[in-house]
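**Q** using only what follows, build the 3D model:
(4 chains)
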Protein chains: 2
Amino acid sequence: MNLPAKHPSPRPGQKERRLAREKRILEAAEKVFAEAGFGGATMQLIADMAGLPKANLHYYFPTKEALYRQVVENIFQIWLRAADVFDSADGPAEAIAAYIDAKMEISRRHPAGSKVWASEVMHGAPVIQDYLEHTLTEWTEGRAKVIERWIAEGRMDRVNPHHLLYMLWATTQHYADFNHQIETLNGGKPLSDAQWEEAKASVKQIILAGIGIDASNL
Amino acid sequence: MNLPAKHPSPRPGQKERRLAREKRILEAAEKVFAEAGFGGATMQLIADMAGLPKANLHYYFPTKEALYRQVVENIFQIWLRAADVFDSADGPAEAIAAYIDAKMEISRRHPAGSKVWASEVMHGAPVIQDYLEHTLTEWTEGRAKVIERWIAEGRMDRVNPHHLLYMLWATTQHYADFNHQIETLNGGKPLSDAQWEEAKASVKQIILAGIGIDASNL
DNA sequence: AAAATTCTTGACCAATTGGTCAACTGGTGT
DNA sequence: ACACCAGTTGACCAATTGGTCAAGAATTTT
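**A** Numbers count the residues shown, from 1 in each chain, chains lettered A, B, ... in the order given. So this is what the prediction gives:
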């Protein structure tokens, strides 16, 4: 055990410093991978953005692939945490509304991570195929069953649960992946706070009405 | 003028042969750019896939950027042609249903082109920013006005036209960009004909109901 | 204070990249 | 038969890439 840190870190401490360095590198890497794609990203660019010599990156992450893999796994963890809110409510209205809010917030706060994820899947998921086949598949099938139960209970219209989930993913993710296009169509300005609220409200309005749920009491 | 070609090309002819070669290169390029991204794609890979020596590519397309630009412009033309069907009907139900069908068909028939387009926009639209600012902006504003008129005429619910359009783009494009994920969740098999029909039907069902349109008579 | 461990970094390397070029081929018009 | 020109191609080049390494600086442990 280490002596200091009765109170949280008056001085850095080795473990914390290492984690802070890694975090700094990962944030730079996320941005560069999002902007340039895996192939277009260079270790030198990531190093510059992190303010470190390139050789130092290789001390913390042995290869470009390893660094990329860590970035992808991190965003997948965020994705999974948002998925939890789907189960936090007991009815379709609250569950889906909360899920849309959570995913829209990810698109807003982690646009780079979302783009890396999209890029990874678009290129055939070379590094996270396992996650797709196991974690994501299980989550999806579980939620599809929940939706089918809601339908059977008459709490929402009869729709194909998988395609409903695809629509939720597609629509919310679009605000991150295509934010440049949205910004251009918004007169070159990023969406304001109010516009983000309207985006969330619009998505919820159309999808909830689309599956036969009265959202007026949300 | 060239002597042959009273009737359309009994023998290739120089112009046709050139176009055929370019088409072959463009198809190979589209695939490689879609699979590897601009940065990850190499002229050698494209040449191999087209079955031509690399130096020959540079005869038809001087640089990698020029080749990429042509690929992106081609898919944008397809995109624009699909956009036309939005105006082919006079009511929101038929127009939006036809538009969804057209865009879903693009996702199905041109997955590579769709991915290239998504990748281009995701990376800040370095080569087609002009198209976004002019052609796309005009189309979008025009269609938004049409939707607002439909709303004013009481033919659909009051929704934000821009976010409705984003949802249409996002949802339909998702079936191309994330087809690998969808395939994985479909047991590793591509969607069958019947599953594609169900996908189209599901998208139309939810979105049309979502904007207050009874689609039972379509 | 000295030994041991962790971290930092400039210099370097082999491999790959986009692109060039000069020599060659083959068809077309005269 | 000849000249002409679009098309083809292997060999080549400068620049960039991911990654290595050994020498040194910091920090922790003894």
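**Q** show me what contacts the residue nearest to A:E65 when sequence neighbours are not counted?
**A** Counting by CB to CB, 6 or more residues apart in numbering or on different chains, A:E65 lies nearest to A:V127, which is 7.2 Å off, once chain neighbours are set aside. Just so you know, the C-beta spots here come from the backbone N, C-alpha and C atoms, and that holds for glycine as well. Residues near A:V127 by CB atoms under 8 Å, 6 or more residues apart in numbering or on different chains: A:65, A:68-69, A:72, A:120.
**Q** columns distance to A:M167 on top of those, output as JSON lines?
**A** JSON lines is the format used below for the contacts of A:V127 (distance: CB to CB, whole Å):
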{"residue": "A:E65", "distance to A:M167": "33"}
{"residue": "A:Y68", "distance to A:M167": "29"}
{"residue": "A:R69", "distance to A:M167": "29"}
{"residue": "A:V72", "distance to A:M167": "24"}
{"residue": "A:E120", "distance to A:M167": "21"}
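**Q** how is chain A carved up into domains?
**A** Domain segmentation of chain A under automatic domain parsing yields A:13-62, A:72-210.
**Q** TSV please, covering those domains and showing mean pLDDT.
**A** Shown next, in TSV, are the domains of chain A (pLDDT from 0 to 100):
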stretch	mean pLDDT
domain A:13-62	94
domain A:72-210	97
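**Q** nearest to B:A41 among those domains would be which one?
**A** Minimum separation from B:A41 across the domains of chain A (CB to CB) falls at domain A:13-62, 7.1 Å.
**Q** export the domains of chain A as JSON lines, with columns for distance to DNA strand C.
**A** Formatted as JSON lines, the domains of chain A follow (distance: least, CB to the nearest atom of the strand, whole Å):
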{"stretch": "domain A:13-62", "distance to DNA strand C": "3"}
{"stretch": "domain A:72-210", "distance to DNA strand C": "15"}
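**Q** so which of these gets nearest DNA strand D?
**A** domain A:13-62 (3.5 Å; CB to the nearest atom of the strand).
**Q** can you check what angle separates the lengthiest helix in chain A from helix B:14-40?
**A** Counting by DSSP state H, the longest helix found in chain A is helix A:14-40. On the basis of axes from the mean of the first three to the mean of the last three CA atoms, to 10 degrees, helix A:14-40 is oriented at 180 degrees to helix B:14-40.
**Q** could you give me the buried positions within helix A:14-40?
**A** Of the residues in helix A:14-40, A:21, A:25-40 count as buried by neighbour count, 16 or more other CB atoms under 10 Å in any protein chain shown.
**Q** check whether the following helix or strand past that helix comes near DNA strand D.
**A** Per DSSP states H and E, the first helix or strand lying C-terminal to helix A:14-40 is helix A:43-50. Yes: using CB under 7 Å from any atom of the strand, helix A:43-50 comes into contact with DNA strand D via A:43-44.
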